[in-house]
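> Sequence and predicted structure, then a few things I'm wondering about:
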Amino acid sequence: MGTAGGQPRLWVIRHGETEWSRSGQHTGCTDLPLTTRGEGQASGVGELVRWLVGAGGFDLVFCSPMLRTRRTAELAGLCGGAAGGQFEVDPDLREWDYGELEGRVTAEIRAEYPGWSIWDGPWPGGETAAEVSARADRVVARVVGSGMSNVAVVGHGHFSRALAARWVGAELGVGRWLELDTASVSELDWSQGQRVIRRWNMVAEAE
């Protein structure tokens, strides 16, 4: 169903727990499965979505190509209903490419790069903030131009925080203040013609 004002609501869903999300290791291109707890969380996402959005579900679902996101979408039941039977894989929703920092925890990285954060860099061998911002802008444009009322994206921690920052037109570093748990659902909406963050980091309980 299209929206008269071209103002679709965007629901941002982060995948369930993996071994590296539990340990705090930066997980970009490493294609890890969900843990047993993560699979239970993903089922809980489905329950949370039905409570928030209603039985009609989403008009359109985009998903990162990674196993952990696709499995979350499947277990949450985001493949059917109004979404047309199957989510659409969107490579732009993949996690920040951490390059040489892949698999490392923040404390270890800061021992080499004092004061480091993903928002400020450096990003040796990985994506810069400008490159991630460009990806996020493409996702926003795709959602806004979709003509749908409720669009969901199933993605990752850092990229989803970057996406929320760009949804409201802020610079990417604003994402540093938008902590995001695994198996969470967030609502990006509109108010008086402006894009806003309506609800953030609503966490699903594991079933």
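Here it is on my side, so go on. Residues are numbered from 1 along each chain as shown.
> Could you list the low-pLDDT ranges of the chain?
Low-confidence segments of the chain (pLDDT under 70): 1-5, 79-85, 207.
> ok, how many other residues are close to residue 170?
By other CB atoms under 10 Å, the residues close to residue 170 number 14. For glycine as for every other residue, the C-beta is placed from the backbone atoms N, C-alpha and C.
> Correct me if wrong, but it is in a strand.
No - Residue 170: not assigned to a strand; according to DSSP: H, G, I helix; E, B strand; the rest coil it is coil.
> helices or strands up against the helix or strand residue 197 falls within?
Take DSSP states H and E as the rule and residue 197 turns out to sit in strand 194-203. Strand 194-203 is packed against helix 157-167, strand 184-191, with contacts defined by 3 or more CB pairs under 8 Å, 6 or more residues apart in numbering; DSSP states H and E.
> So what's the residue count around residue 53?
Neighbours around residue 53, by other CB under 10 Å: 18.
> is it true that it touches residue 11?
Yes - using CB atoms under 8 Å, residue 53 is in contact with residue 11, at 7.0 Å.
> For residue 186, give me its contacts.
11, 12, 13, 160, 164, 180, 197, 199, 200, 201, 202 (CB atoms under 8 Å, 6 or more residues apart in numbering).
> again, but for residue 100
So residue 100 contacts 124, 125, 126 (CB under 8 Å, 6+ apart).
> Please produce CSV containing the residues you listed, extended by distance to residue 100.
What follows is these, written out as CSV (distance: CB to CB, whole Å):
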residue, distance to residue 100
124, 4
125, 4
126, 7
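> Selecting buried members of these in PyMOL, what would you type?
Per 16 or more other CB atoms under 10 Å, the buried members of the contacts of residue 100 correspond to this PyMOL selection:
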select buried, resi 126
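> and which of the contacts of residue 100 is nearest to residue 110?
Residue 110 lies nearest to residue 124 out of these, by CB to CB, at 13.8 Å.
> Determine the three-state secondary structure at the residue lying closest to the closest one once chain neighbours are set aside.
Distance criterion CB to CB, 6 or more residues apart in numbering; nearest residue to residue 124, sequence neighbours excluded, is residue 100 at 4.4 Å. Here residue 100 is helix, with the state taken from three-state DSSP.
> same deal with residue 131?
With three-state DSSP as the basis, residue 131 sits in helix.
> and the gap between it and residue 88?
Applying CB to CB, to the nearest Å, the value for residue 131 to residue 88 is 22 Å.
> Quickly compare the helices and strands packed on strand 194-203 and say which is most buried.
Most buried of the helices and strands packed on strand 194-203, by mean neighbour count (mean count of other CB atoms under 10 Å): helix 157-167, with a mean of 25.
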